[in-house]
Structure formats: structure tokens, C-alpha cells
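Q: based on what follows, work out the 3D shape:
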Amino acid sequence: INALQIAARRPAALRAILAIAGTDHRYADDAHFIGGLYGRTNLEWGVLCKSVLGSPPDPQITGDHWQSLWLQRLEAAGPLIAGWSHQQNFSAFWQRGSISLDYQAISTPVYVVAGLLDTYANPLGRLLHSLPGPVNGLLGCWAHTYPDTAIANGVDWLPEELRWWRRWLLDEQSCDADEAVIWCFVPEAPPVKTLPATVPGHWQAEDLWPPTERSVQVFFLSPGELHCDPAGEPGSIEYVSRGRPGSGRVDWLDTLPTEQSADDALARTFDSEPLAQSLTLLGQVRVQLVLQIDTPAAGIWVRLNELDEQGGSWPVCHFVGSLNRLLDDREPQPFSNGEEYEFEIPLTFCAHRFAARSRLRLALSDAPWPMTLPLPPTRWRCDLSRARLIVPLAPAARSDHTLPFALKSGSDPEPKRPDWQERADGSVR
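A: Residues are numbered from 1 along each chain as shown. Down below sits the predicted model:
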């Protein structure tokens, strides 16, 4: 996050940056207000950051007056949670650190690295599409960690990072002229179903983002079903809160989701027919909904799952957020009973291959708890004739690019560390 913010300030000496697990939007795509809903992580991070900022100085460094310095530090730290909690819309407080408001401010080369299982995967596509300067991306099969510390499917990261820095800091042209803009790992089974074993899949390269040859698969909705063709007169469905979903994804960041059947039971679900052949998505799935909402404020949890032949429901991508703030995140307004509202909801940036004979499941429900603090029970009606599930399909995998980094075998979590030599002046080589 900080690398992107510093690059936007254009310091003269900055030659390139590498952004791992970063975000371009500190409000909608960060830990405080998740899609505009108050996140439990706002409380957790407020306590954690306060404990770090308020820790005492080391007397061996500061001397006997460490206690007075400590009191000054405690006074200066202030109540972080209170400050964050008062900024509940996309105000100047969050805009200040959000480079999405001016991508053109970044002119240095950027390498964006994200994990499919990390909440911070979402900005990858936006950054690749919007940054004006040289930009490369890597989307691997890991969570909120470094590529070489992944549980499985890791990357020998240090040589790749050195390759990047040598290219832009030392002008070493170690990269092919036709280097791919992005390398994505495409799982061929749901990762959370497979881990900690190695997740089957393949790496795919793209020269542009979004890909020029990409197409989409549109699914139409009728009660309980997804169709590849319009479904006659599908009518409408009603959703009424029947409990708090969220047991299958309790955490925004650090805990992986699990099998989703319990949350599906509290949602309105729509299932496709078993796939005649595999279907590979790459990018951001979008869901179009037209809703009449009976409550002044409403949150939503939109999930796309893969149903296996045994009936397991496994997470692929999702969206959590405030419906009010989807329409206006700076000055959100209460909903008027009986009025229709149109939404186009982007799910998390994703790559995934649905297996032949599996099914797609779209699930709509209240926002998950305890990931977000609950709103009052929600009731809405959805006009299914105008509802769509839009799945971006991956282009055919190419064979004219060579993977520029080595893969780590098995599930060895230990990264390789560089050898260095300390010089007499304290610098390292």
C-alpha cells in the first residue's frame, strides 16, 4: 500500500516499485469498511496498532527518561478506533491514501503481486488496466503471504524479485522483449478443498489486461436456477433474513474460507446444470441485480461457488458490502420502500477452472457475520428478468511464453534467504 502511495508522490529518485498485497482504495477494498460495511478487522487492527504505537521505548537506547517518552508516545497515539469509526463514508480521510482517484500520478514501473486466496487480490486487475507506466502482475495460489512462503504452489520468489529490480534499477535487460504483462495461476480444483496439498492447475500468461480475445459467459436467473439462455418469464423472488450467514468465511483476511453449504442454506441460491465441459474464468465476475429494498440500509453477500459431484459447495469468488454505498460511497442515502434500484456488483478478482460435471452456484444473502458488524434484518425483492451473472472467460492458454520464475515443489513453507556480506562501514552486499 505504502509503495503505491509513495509512487503517486513522484519522488525524483524512485525508479520502480513492487507492490505485494496492496490496495488502491483504502475505503472499499481495505480492512476498515469492507465494501462500505463496518469490519471486525477495524476493531482488531485498531487495538493492534494502538498496542504497537503505545509500546514503551527501550531504556538501553533512550536512557533513564524512557518513562516520560513513553507517556508522550501514549498521548500522541490517540484513540485510533474512534478516529477510524467516525469516517464511515469515502471521505477525504480515506481518499488521501487511495491512488485509485488518480492512477495517472504513478509513472514509475510497477510490479503488482497478489494471491488468489488473499483479500488484497482485488486491486490487481484495476492496477494493470489503469496505471499508465510499465506494469506487470503476478497472481498466485496463496493467501496473505509472500510467494515463497505459500502453504503449497509457492514460487521461488527471490530470483524473480531480483530480476525485476535489476531490470529497472540497473538497466539489465534480463526480460524477454515479449514478456507477459501478467502471469496467473488457474486452479483446476477449489484451493480450500485441496490445501494443504498442492492445488492442481496451470500458469497462464496474458500480454494485455484485460485480454483482447476474452469473451464472457452470461447466465440468466430463474428461481433456484442459472441458465445459459433467457428463461421465459422468470418472475421475481423475495429474500428475508433467516439468520446470520458467515460461518464459512469468518474472517476478512487471515482465515481461509471453508465449505459453504451452511451459508448457502441461509441464502437464495441459483444453480446451473452440470457443465458438459470445463469452464475457466479469469478476471472479475459481475452480477447485475434490480432490487426493491424494504429497509433503509442493507448489506449483501454475493458468492459464486463450485458445486462438486458429491454436493460440496466450494468458494470461488465473492463480494461483501453495503448496497447503499454501492450506489454512492460518499453520501449514501437510505432506500425508499417500493422503489427499484439497479446494481452491478463486481466480485473478487479471480482465476478458476470449473470442472466438467460440476455446477456453478450463485448465492445471495445478508452480509456475513462476524466478518462485518450486522445491520438490522434485510428484506428485498429481485426482478429475475433483469438479473445476470456475467463470467469473464479465460482466453486459450498460450505456449509461446516461458514461465520466468521457478516453482517450489510440495508444501515447503520456508523461503530461500539471500547470502549477504557485511562491509566495514555497516553496509551489506
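Q: next secondary structure element downstream of the helix or strand residue 51 falls within?
A: Assigned by DSSP states H and E, residue 51 falls within helix 40-53. The first helix or strand that comes after helix 40-53 along the chain, using DSSP H and E, is helix 59-62.
Q: ok, and what's touching that next one?
A: With contacts defined as C-beta atoms under 8 Å, 6 or more residues apart in numbering, helix 59-62 is touched by 66, 69. In short, each C-beta sits where N, CA and C put it, glycine included.
Q: average model confidence for it?
A: For helix 59-62, mean pLDDT is 93.
Q: contacts for the helix holding residue 51, please.
A: The contact list for helix 40-53, computed with C-beta under 8 Å, 6+ apart, reads 31-34, 73, 77, 79-81, 84-85, 251-253, 370-373.
Q: give me the buried entries from those.
A: Buried members of the contacts of helix 40-53, counted by 16 or more other C-beta atoms under 10 Å: 31-34, 80-81, 84, 251-253, 371-372.
Q: which members of these occur in helices, if any?
A: 80-81, 84 (DSSP state H).
Q: give the burial count for residue 47, as a bare number.
A: By other C-beta atoms under 10 Å, 12 other residues sit near residue 47.
Q: export the buried ones among the contacts of helix 40-53 to a markdown table and append columns for pLDDT.
A: Output for the buried ones among the contacts of helix 40-53, formatted as a markdown table (pLDDT from 0 to 100):
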| residue | pLDDT |
| --- | --- |
| 31 | 92 |
| 32 | 94 |
| 33 | 95 |
| 34 | 96 |
| 80 | 88 |
| 81 | 91 |
| 84 | 93 |
| 251 | 90 |
| 252 | 91 |
| 253 | 88 |
| 371 | 95 |
| 372 | 96 |
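Q: out of the contacts of helix 40-53, which sit inside strands?
A: Judged by DSSP state E, the contacts of helix 40-53 include 33-34 as members of strands.
Q: and residue 129, what element?
A: Using DSSP H and E, residue 129 maps to helix 123-130.
Q: can you give me how far that helix is from the chain middle?
A: Averaged C-alpha coordinates place helix 123-130 at 12 Å from its chain's average position (C-alpha atoms, centre = their mean, to the nearest Å).
Q: pull out the buried residues from that helix.
A: Under the neighbour-count criterion of 16+ other C-beta under 10 Å, helix 123-130 has 123-128, 130 buried.
Q: quick one: which of those is nearest residue 27?
A: Within these, the smallest distance to residue 27 is 12.5 Å, found for residue 123 (C-beta to C-beta).
Q: residues near the nearest residue to the closest one once chain neighbours are set aside, how many?
A: Closest residue to residue 123 apart from its sequence neighbours, by C-beta to C-beta, 6 or more residues apart in numbering: residue 24 at 4.6 Å. Using other C-beta under 10 Å, residue 24 has 27 neighbouring residues.
Q: residue 402 versus residue 24, what's the distance?
A: Applying C-beta to C-beta, to the nearest Å, the value for residue 24 to residue 402 is 30 Å.
Q: ok, residue 116 next?
A: Distance from residue 116 to residue 402, counting by C-beta to C-beta: 22 Å.
Q: where does the prediction get shaky in the stretch 201-350 of the chain?
A: By pLDDT under 70, the stretch 201-350 of the chain contains no weakly predicted segment.
Q: quick one: the helices in it?
A: Taking DSSP state H, counting those that start in this stretch as the criterion, the stretch 201-350 of the chain contains helices spanning 261-264, 323-327.
Q: let me know which of the ones you listed is tucked in deepest.
A: helix 323-327 (a mean of 21; mean count of other C-beta atoms under 10 Å).
Q: any idea how far it is from the chain center?
A: 19 Å.
Q: then stretch 293-300?
A: Put simply, stretch 293-300 sits 24 Å off its chain's centre (C-alpha atoms, centre = their mean).
Q: rewinding a little: the buried residues of helix 123-130: which two are farthest apart?
A: 124 and 130 (11.1 Å).
Q: distance of the residue nearest to residue 123 relative to residue 382?
A: Distance from residue 24 to residue 382, counting by C-beta to C-beta: 31 Å.
Q: same check, this time on residue 154
A: Taken as C-beta to C-beta, the span from residue 154 to residue 382 is 41 Å.
Q: which residue is the nearest non-sequential neighbour of residue 341?
A: residue 291 (5.5 Å).
Q: and that neighbour, how many neighbours does it have?
A: Using other C-beta under 10 Å: residue 291 sits among 22 other residues.
Q: was I right to think it contacts residue 339?
A: No: counting by C-beta atoms under 8 Å, residue 291 sits too far from residue 339 to count as a contact (9.7 Å).
Q: returning to that earlier point: how about the helix or strand following the helix holding residue 129: buried residues?
A: As assigned by DSSP H and E, the chain's next helix or strand after helix 123-130 is strand 135-140. Neighbour-count burial for strand 135-140 flags 135-140 (criterion: 16+ other C-beta under 10 Å).
Q: what does stretch 368-381 give?
A: 368-369, 371-372, 374-375, 378, 380-381.
Q: quick one: residue 97 and residue 8 touch, right?
A: No: using C-beta under 8 Å, residue 97 and residue 8 do not qualify as a contacting pair, with a distance of 9.4 Å.
Q: farthest residue from the center of this protein?
A: Largest separation from the mean C-alpha position in the chain: residue 64, at 46.7 Å (C-alpha atoms, centre = their mean).
Q: so it belongs to a helix, correct?
A: No: assessed with DSSP: H, G, I helix; E, B strand; the rest coil, residue 64 is coil; it does not lie in a helix.
Q: gap between it and residue 358?
A: 68 Å.
Q: ok, residue 109 next?
A: Distance from residue 109 to residue 358, by C-beta to C-beta: 40 Å.
Q: more crowded one of these two?
A: Taking neighbours as other C-beta under 10 Å, residue 109 and residue 358 compare with residue 358 leading, 22 against 19.
Q: how far away is that one from residue 277?
A: Counting by C-beta to C-beta, the gap from residue 358 to residue 277 is 11 Å.
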